[in-house]
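Novice: Any chance you could fold what I've pasted below:
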Amino acid sequence: MERDMDRQQLLAAVAASWQALDGAIEGLDERALAEPNVVGPWSIVEVLGHVTAWEQQALRHIEQWPDVEPPTMVSGSTVDEYNAAEAERRRGWSLAEVRSEHHATRQRLRAAIEALSDADWNSTRAVGDRTRSLGDIVAGDLGGDGPGDHAAEHARQILAWRSAR
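Specialist: You can find the predicted model right below:
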């Protein structure tokens with residue numbers, strides 16, 4: 001699916017998405033953040049790790065782009081495997097560790113997207129049987145219900161959980 005967003009549009013969408021997630025968890029204590037079954041089986045802490053994992057995937061794509069090899073894509077059934085592996089990797093992490101990784105990743109991602117030229121953002125490469133731009137790939141990594149909307153998608157789920165409590 002083509003995203004057709006320039007870097008500034010994606011950054012604005014991602015910033016709004018981050019703001020929605022931050023607002024959805026604002027005021028929750030550590031116990032509430034660790035409560036299971038907020039989004040599927042996940043706690044809010046696990047959701048933060050999940051969002052961070054996909055932001056790190058976007059960073060990897062940006063960093064891999066200049067290389068000769070095509071970027072490694074996560075799609076289809078491997079999305080569930082990727083999500084499970086990333087959740088397992090963070091199992092046992094403290095809230096402070098998850099938040100630290102989350103905030104550091106946000107900063108690195110914003111800086112990486114801002115540092116790209118328009119030519120880099122729009123450059124294309126064969127990925128599987130398709131030709132895709134770096135911008136399209138990054139927008140997909142950060143997408144939920146729409147490009148850059150991943151964190152906000154989970155924010156809506158958290159708000160629904162909060163309303164039902």
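Novice: which residues in the protein form strands?
Specialist: Using DSSP state E, the strands of the chain run over residues 124-127, 130-133.
Novice: So which helix or strand of this structure has the lowest pLDDT on average?
Specialist: strand 124-127 (a mean of 88; mean pLDDT, DSSP states H and E).
Novice: Just put the strands of the chain in JSON lines and tack on mean neighbour count.
Specialist: For the C-beta atoms, the positions are set from N, CA and C on the backbone; glycine is no exception. Listed next are the strands of the chain as JSON lines, based on neighbours: other Cβ atoms under 10 Å:
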{"stretch": "strand 124-127", "mean neighbour count": "14"}
{"stretch": "strand 130-133", "mean neighbour count": "14"}
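Novice: To Trp65, which of these lies closest?
Specialist: Closest approach to Trp65 among the strands of the chain (Cβ to Cβ): strand 124-127, 7.5 Å.
Novice: Strand partners (parallel or antiparallel) of that closest one?
Specialist: strand 130-133 (antiparallel) (DSSP bridges).
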